[in-house]
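J.: What shape does this take:
(chains A, B, C and D)
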There are 4 protein chains.
Amino acid sequence: MHAGEGEVQTRLSAQEISDFLDGVFPGAMDHFTIEEVRPMYARVRMLFSEFRLRPGGTISGPSLMTLADTGLWVALLAMIGREPLSVTSHLDIDFLRKPAPADVVAETTLHKIGKRLAVGDVIMYSAGENVPCARASVTYAIPSVRLDPPVE
Amino acid sequence: MHAGEGEVQTRLSAQEISDFLDGVFPGAMDHFTIEEVRPMYARVRMLFSEFRLRPGGTISGPSLMTLADTGLWVALLAMIGREPLSVTSHLDIDFLRKPAPADVVAETTLHKIGKRLAVGDVIMYSAGENVPCARASVTYAIPSVRLDPPVE
Amino acid sequence: MHAGEGEVQTRLSAQEISDFLDGVFPGAMDHFTIEEVRPMYARVRMLFSEFRLRPGGTISGPSLMTLADTGLWVALLAMIGREPLSVTSHLDIDFLRKPAPADVVAETTLHKIGKRLAVGDVIMYSAGENVPCARASVTYAIPSVRLDPPVE
Amino acid sequence: MHAGEGEVQTRLSAQEISDFLDGVFPGAMDHFTIEEVRPMYARVRMLFSEFRLRPGGTISGPSLMTLADTGLWVALLAMIGREPLSVTSHLDIDFLRKPAPADVVAETTLHKIGKRLAVGDVIMYSAGENVPCARASVTYAIPSVRLDPPVE
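T.: From the prediction side, this is the model:
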């Protein structure tokens, strides 16, 4: 938002994205905090809730999938602005280690925002851990957007 | 269950699997019906609930991922019996068409039950539709099991 | 090609696709035979060659990936006609069993031909086997096409 | 190889891995250079060859898949030592941009080396570019190994 001339920058701040998502999905951000956005990057925290637990005290797989999907969307919105029409077209996830009954932090790196598709990787960590509990890659189908300067 | 000599068969019926899952995850089967199990195959229905809707009136992505994961697990339990220690290690899903606000039916085909991994495909349809709303493939890490006759 | 009114049909026959691919990639069809195309389906055989072997006498992974990619492309061309501009955007593959040093047959089912993406599953069998050696799903980015009647 | 006490380190150097792979697959390293290995990381260069080109002058998809597979294997061998029995069980790849007719460099990050599976991400760049032409994630099935200290 405050970058030098010609530099790639975000269109929305973390707070602006959070407000936008809460408008589109009321209550959605009760469970997520956007900790940081940078060009082509976002860090999103999924807050611990009892309803995310599975027997054995680990965070459920669908919760991690939701986090991966959200993390990518946040990174994308930071770049393309308030655009509700983007939809997930593909998600794949590897479950690596049992996540602790705690917050989970997702670090998303966008690799491409093309004319039709945006693709990125998401690495997820239980709060305080330095080895990931899951990795995902996610593709969004996006409406035509103009980035200036372009990132493709 | 009632197959000829040497024929591949299921170890559990649809009802037995449903009872087992409800024991492990109380309430889980409030939202799912196991319609059919055959060797290396299961058909599972996710019952419509308001909480699965997204703005626009479509079933949410995480709901479809949960259905894919459940469908594969049901097909696997039918073959290996009451084995709570299997865990999803990989899931990938393509969202193909907006699912209607209705039940979603998942048809799972198992391709392999190996010594360590089970792999299968899941095709999902909005109830009454004949083109799929999503496809998924899912891998479970499984404890060592003996199938007789083996399917690998 | 010769279907009833309003029925989904292929635009190209197996022979027409083979001729087209050989024109675009001279020599490509020395190693592949298109055995059958039907609406949203293709069966393609990868002919055995020594250069596909890995130590241990199995068909190499990259060969199976090439087969999956080819199988999907054949099924797609059957539907949309001579369209060289389609490109693979995503491929995922699970290696299930060691493929024998023999032909490998790929059965492709297309799930969707949308305005921008085509998605399908590919199941691969060593010739004569009835359990698969690999499964794949493949997405192609396609130019805008008009299907009549539409398949989406 | 020369790390402090208790520090995670590689078991093999880039040269040792290259020699090992050339022994297992004679000639394999004619087309690849291992530029760097670090704990849980490898950078591998696929050397340009005419046979990798597709019409239009881009590097073929199967070549990039082979590179992703090789990159992960190199990163894994660095950690577990000369272990020929590891095999790819899953690979997924997104093709992001047309790769130039040039070398392609793959940066692999391993996320987990478990008792049975190793999982990592591979980001690929045309030589000299700073945006990736492809991303992949790859899973290897591995024999039981002991890492000291363990990485899991």
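J.: Residue A:140 contacts residue A:73, correct?
T.: Yes. Taking CB atoms under 8 Å as the definition, residue A:140 is a contact partner of residue A:73 at 7.0 Å. (Each C-beta comes from the backbone N, C-alpha and C, glycine too.)
J.: and the closest residue to chain C within chain A, how far is that from residue D:141?
T.: Using CB to the nearest CB, the point where chain A gets nearest to chain C is residue A:116, with a distance of 5.2 Å. Distance check for residue A:116 against residue D:141: by CB to CB, to the nearest Å, it reads 35 Å.
J.: Please, which helix or strand holds residue A:105?
T.: Residue A:105 is part of strand A:104-113, with elements assigned from DSSP states H and E.
J.: Parallel or antiparallel, list what pairs with that strand.
T.: Its sheet considered, strand A:104-113 pairs with strand A:41-46 (antiparallel), strand A:117-126 (antiparallel) by DSSP bridges.
J.: With distance to residue C:80 as added columns, please give those in TSV.
T.: Shown next, in TSV, are the strands paired with strand A:104-113 (distance: least, CB to CB, whole Å):
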stretch	distance to residue C:80
strand A:41-46	37
strand A:117-126	19
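J.: mind listing what residue A:33 touches?
T.: With contacts defined as CB atoms under 8 Å, 6 or more residues apart in numbering or on different chains, the neighbours of residue A:33 are A:18, A:44, A:45, A:47.
J.: Lowest-scoring secondary structure element of chain A by mean pLDDT?
T.: When the helices and strands of chain A are compared on mean pLDDT, DSSP states H and E, strand A:53-54 comes out lowest with a mean of 80.
J.: can you list the residues that contact that one?
T.: If you take CB under 8 Å, 6+ apart as the criterion, strand A:53-54 is touched by A:59, A:60, A:61, A:101, B:25.
J.: quick one: it to chain centroid distance?
T.: 22 Å (CA atoms, centre = their mean, to the nearest Å).
J.: re the thing from before, who touches both of residue A:140 and residue A:73?
T.: Shared contacts of residue A:140 and residue A:73, defined by CB under 8 Å, 6+ apart, comprise A:86, A:88.
J.: Quick check, the residue of chain A closest to chain C in contact with residue A:141.
T.: Yes. Taking CB under 8 Å as the definition, residue A:116 is a contact partner of residue A:141 at 6.5 Å.
J.: what do these two both touch?
T.: When contacts are counted by CB under 8 Å, 6+ apart, residue A:116 and residue A:141 have residue C:116 as shared neighbours.
J.: Now residue A:90: phi and psi?
T.: With angles defined as degrees, to the nearest 10, residue A:90 sits at phi -150, psi 140.
J.: Run through the bridge partners of the closest residue in space to it that isn't next to it in sequence.
T.: The shortest distance from residue A:90 to any residue that is not its chain neighbour, by CB to CB, 6 or more residues apart in numbering or on different chains, is 4.0 Å, and that residue is residue A:139. Listed by DSSP bridges, the beta-bridge partners for residue A:139 are residue A:90, residue A:119.
J.: how close does residue A:139 sit to residue A:114?
T.: Between residue A:139 and residue A:114 the computed distance is 10 Å (CB to CB).
J.: which sections of chain A are below the confidence cut-off?
T.: Scanning chain A for pLDDT under 70 picks out A:1-7, A:144-152.
J.: how about the strands in it?
T.: Counting by DSSP state E, the segments of chain A that form strands are A:32-38, A:41-46, A:53-54, A:58-59, A:87-95, A:104-113, A:117-126, A:134-141.
J.: What's the biggest helix in chain A, counting residues?
T.: Longest among the helix segments of chain A by residue count, using DSSP state H, is helix A:61-80.
J.: I'd say residue A:122 and residue A:135 touch.
T.: Yes. Applying CB under 8 Å, one finds residue A:122 in contact with residue A:135, separated by 7.0 Å.
J.: With neighbour numbers in mind, choose between the two.
T.: Taking other CB atoms under 10 Å in any protein chain shown, residue A:122 and residue A:135 do not tie; residue A:122 has more neighbours (26 against 22).
J.: count of residues packed around the closest residue to chain B within chain A?
T.: When CB to the nearest CB is the measure, chain A has its nearest residue to chain B at residue A:92, with 3.4 Å between them. For residue A:92, the tally of surrounding residues (other CB under 10 Å) stands at 25.
J.: who touches it in this structure?
T.: Residue A:92 is in contact with A:136, A:137, B:90, B:91, B:92, B:93, C:92, D:92, D:137, counting by CB under 8 Å, 6+ apart.
J.: want to try a markdown table for those residues, with distance to residue C:83 as columns?
T.: Listed next are those as a markdown table, based on distance: CB to CB, whole Å:
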| residue | distance to residue C:83 |
| --- | --- |
| A:136 | 32 |
| A:137 | 27 |
| B:90 | 32 |
| B:91 | 32 |
| B:92 | 26 |
| B:93 | 27 |
| C:92 | 23 |
| D:92 | 25 |
| D:137 | 30 |
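J.: Which residues of chain A lie near chain D?
T.: Along chain A, the residues adjacent to chain D under the rule CB under 8 Å from any CB of the partner chain are A:92, A:94, A:96-97, A:111-112, A:114, A:119, A:121, A:123, A:131-132, A:135, A:137, A:139, A:151-152.
J.: Filter those down to the buried ones and hand me the PyMOL line.
T.: Written as a PyMOL command, the selection of buried residues from the residues of chain A next to chain D, which uses 16 or more other CB atoms under 10 Å in any protein chain shown, is:
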select buried, chain A and resi 92+94+96+97+111+112+114+119+121+123+132+135+137+139+151
